[in-house]
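S.K.: Using only what follows, build the 3D model:
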Amino acid sequence: MVNISFNIDTVTIILGSAALLIAILASIVNPFLWTYRRRQNGGTDDADGEKATDGENGTSLPGITIILTTHDDAEVIKDNLPHFLTQDYPDYQVIVVSEQGQGETEEILKRIKAEYGDRLYYTLIPESSRYMSRKKLQITLGVKAAKHEWILLTDPSCCPQSTHWLATMAQGCHRGNDLVMGPVLFDEDTPSGRRFEHILTANDLLHAASQGRAWRTNMQNICFRKDEFLKQEGFRGNLQLIRGEYDFIINKYADGDNTAVIDDNRSILIERTPSDKTWHNRHLFLRASMPLLRNHWRLRLWHYVTNGLLYLSLLVNLGSLVFAAITQRWILLAIAVIALLVLFLVRLFTGRKVIRQWDDSISSISIPFHELALMWKGIANTFRYCFADKNDFTSHKL
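M.R.: Have a look, this model is predicted:
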């Protein structure tokens with residue numbers, strides 16, 4: 001006959017207390033509890049459409065120039081550019097900056113130009129533009145050519161979901177603001193793990209911006225002032241790096257409370273599923289850019305603390321569970337199971353609330369597992385960056 005003991009000894013008290021305390025701490029220091037909360041007043045394309053033509057406090061909306069830069073994406077331009085050119089907005093222009101030698105893209109731009117007239121302007125950068133970031137050169141030329149003070153920068157791979165997208169973004173373009181940040185979501189064909197990571201990062205960055213601490217963005221949907229961009233010499237200070245243009249604009253020009261966050265449903269852009277190469281390159285280029293970004297240590301420290309506590313809690317609880325089973329300390333085993341359930345359920349319900357603000361197609365039960373996978377993905381990206389040729393990230397080849 002098996003003798004089942006429920007005695008509470010010193011080991012049970014110490015390990016049980018540690019398991020519960022670390023699980024509670026990991027649940028409190030939880031990225032889902034400290035992220036941006038969307039306002040629940042976002043409109044749709046069919047609701048309150050007239051309100052989108054009024055600015056803050058009833059003021060008229062400013063003229064805006066939308067800048068798109070292209071590189072071997074003729075099909076995307078053909079599909080998405082008309083959505084930018086048919087916005088319900090009184091005064092705006094679209095500038096597409098392409099590269100010479102992209103015959104198909106040029107032909108498509110000519111056809112679209114013939115249809116939409118002066119609303120579309122496009123220009124080409126020469127193939128000889130080397131030794132500097134072509135993307136940043138394209139943006140700079142677009143800004144200089146813009147006829148409006150407010151610039152809205154996005155990518156052709158992103159597509160407005162509403163004809164009121166521009167008017168909704170423009171509600172942040174008023175006195176006192178120099179930057180406006182809007183949301184970008186991946187389309188439904190993108191793997192759920194990548195959509196999860198994108199949304200979690202975006203929520204953290206939008207939270208920082210809403211608190212007056214904007215420092216970068218992972219979404220290609222931003223407005224900034226032309227005069228301020230030119231006065232501070234655009235991308236000076238990071239021209240040696242090929243990418244990171246959105247991050248550097250936010251990092252350089254954000255100053256306290258001068259950044260507005262727009263989260264209305266009509267402000268959302270949907271980005272086409274990025275290829276594996278594009279997805280991995282974004283992480284690698286971010287690692288190359290990070291040392292030049294002001295206050296970059298905040299995200300990294302927060303990332304290390306939240307992930308560290310999560311895995312510490314798992315290790316302590318699983319270790320306690322195995323130890324309790326072997327030594328037949330059943331009270332300790334019960335405590336370890338309870339601590340694991342607390343950790344899992346808190347992550348599940350808080351994560352569900354945050355993620356479903358933006359994407360309700362991600363399975364709730366998968367959220368804790370997506371979060372656990374982030375650390376391993378980060379380690380994989382670290383190895384990729386360590387073994388990558390650093391000349392791939394700079395325009396100043398040595």
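
S.K.: Show me the strands in the stretch 251-398 of the chain, by range?
M.R.: 259-261, 269-271 (DSSP state E, counting those that start in this stretch).

S.K.: Can you tell me which of those is packed in deepest?
M.R.: Neighbour counts (mean count of other Cβ atoms under 10 Å) averaged over each of the strands of the stretch 251-398 of the chain peak at strand 259-261, with a mean of 23. (Glycine included, C-beta is placed from N, CA and C.)

S.K.: Grab the most central residue of this protein for me.
M.R.: Centrality entry for the chain: nearest residue to the mean C-alpha point is residue 218, 2.9 Å, by Cα atoms, centre = their mean.

S.K.: JSON lines for the strands of the stretch 251-398 of the chain, including mean pLDDT and distance to residue 126?
M.R.: As requested, the strands of the stretch 251-398 of the chain are exported to JSON lines (pLDDT from 0 to 100; distance: least, Cβ to Cβ, whole Å):
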{"stretch": "strand 259-261", "mean pLDDT": "94", "distance to residue 126": "35"}
{"stretch": "strand 269-271", "mean pLDDT": "97", "distance to residue 126": "29"}
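
S.K.: Which of these sits closest to residue 105?
M.R.: Comparing these against residue 105 with Cβ to Cβ, the closest turns out to be strand 269-271 (18.9 Å).

S.K.: Off-centre distance for that closest one?
M.R.: 12 Å (Cα atoms, centre = their mean, to the nearest Å).

S.K.: What strands line up against that strand, and which way round?
M.R.: Strand 269-271 pairs in its sheet with strand 158-160 (antiparallel), strand 184-186 (parallel), by DSSP bridges.

S.K.: Determine the longest strand present in this protein.
M.R.: strand 92-99 (DSSP state E).

S.K.: which stretches of the protein aren't confidently modelled?
M.R.: Scanning the chain for pLDDT under 70 picks out the ranges 1-7, 40-59, 128-131, 396-398.

S.K.: run the last query once more with 50
M.R.: Scanning the chain for pLDDT under 50 picks out 1-2, 42-53, 55-58, 397-398.

S.K.: now the strands for the stretch 1-150 of the chain?
M.R.: Going by DSSP E, counting those that start in this stretch, the stretch 1-150 of the chain shows strands at 64-69, 92-99, 120-125, 150-154.

S.K.: Redo those strands as a markdown table? Include mean neighbour count.
M.R.: Shown next, in a markdown table, are those (neighbours: other Cβ atoms under 10 Å):
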| stretch | mean neighbour count |
| --- | --- |
| strand 64-69 | 24 |
| strand 92-99 | 22 |
| strand 120-125 | 18 |
| strand 150-154 | 24 |
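
S.K.: by contact count, what packs against the top helix by length along the chain?
M.R.: When the chain is parsed with DSSP state H, its longest helix is helix 296-327. The elements that helix 296-327 packs onto, with contact taken as 3 or more Cβ pairs under 8 Å, 6 or more residues apart in numbering; DSSP states H and E, are helix 10-28, helix 192-210, helix 330-355, helix 367-387.

S.K.: who's the residue lying closest to residue 79 once chain neighbours are set aside bridged to?
M.R.: Counting by Cβ to Cβ, 6 or more residues apart in numbering, residue 159 is the residue found nearest to residue 79 once chain neighbours are left out, at 7.5 Å. For residue 159, the beta-bridge partners are residue 270 (DSSP bridges).
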